[in-house]
Structures are given as structure tokens and as C-alpha cells.
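> requesting a structural model of the entry that follows:
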Amino acid sequence: VKNMKIAFDKAERVAARLSRKLGTPDWFLGVGIEPYLREGFMISVRVQHGHSQDVALPDRINGVKVKVVERSIARSLTAVTRVRAAVDGGEVF
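Model prediction:
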């Protein structure tokens, strides 16, 4: 995988498949695609704080780097509120 740039569409396909595979347990907060150094893009699997041990994933899926990130519920809800406000053109305090 060295010197191979991961395209966004490939990361997006892997992320969608991974999201379907994980389903909708309470601790699962979502899957995101992020820039990753010089490799292009990586997938971040966001889980509720204390539940990273519930996710057994390889370091890479189809060459795309996968990282499990723990988040607190409050932080996740704040991020969603900010995004919704930005989309709606509202203010966030």
C-alpha cells in the first residue's frame, strides 16, 4: 500500500459497506472519511466512549486505512448541532 493514493470514491464505497456491516448498535456513532497524510483518504469509525473494544476491525480494508475513534455522546451531539446550524444558516452559541 506504500505510495498508493486512496481515492475518495474508493474510501466512500468501503465506508458505506463498513457502515452496513456494523449495523445500528447503541454505541455506534457513525463512519466518516478523512484526509490521511499522503495516502489520500482514510475511514474513521466513531464509537461511544468506552466501546472501542466492541469493534474488531483490521488496520486496512481493501487498502483503505481504518481508525476507530471514541467520542462522548455530548461531543457528538454538539458536532451534529453545529453542522445542522451551518446548513440551515443559523447561529450556534
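> neighbours of residue 40, how many?
18 (other C-beta atoms under 10 Å). (C-beta placed from N, C-alpha, C; glycine too.)
> could you do residue 42 as well?
Taking other C-beta under 10 Å as the criterion, the count of residues near residue 42 is 20.
> just residue 11 next, same as before
26.
> that one and residue 46, how far apart?
Computed as C-beta to C-beta, to the nearest Å, the residue 11 to residue 46 distance reads 15 Å.
> do residue 40 as well
From residue 40 over to residue 46 (counting by C-beta to C-beta), the distance is 20 Å.
> how about low-confidence regions in this protein?
Within the chain, the set of residues satisfying pLDDT under 70 comprises 1-4, 74-93.
> can you show me the strands along it?
28-36, 40-48, 60-61, 64-71 (DSSP state E).
> and the ones you listed as JSON lines, adding distance to residue 19?
Output for these, formatted as JSON lines (distance: least, C-beta to C-beta, whole Å):
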{"stretch": "strand 28-36", "distance to residue 19": "5"}
{"stretch": "strand 40-48", "distance to residue 19": "9"}
{"stretch": "strand 60-61", "distance to residue 19": "12"}
{"stretch": "strand 64-71", "distance to residue 19": "12"}
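> hey, which of the ones you listed is tucked in deepest?
By mean neighbour count, with neighbours taken as mean count of other C-beta atoms under 10 Å, strand 40-48 ranks first of the strands of the chain at a mean of 19.
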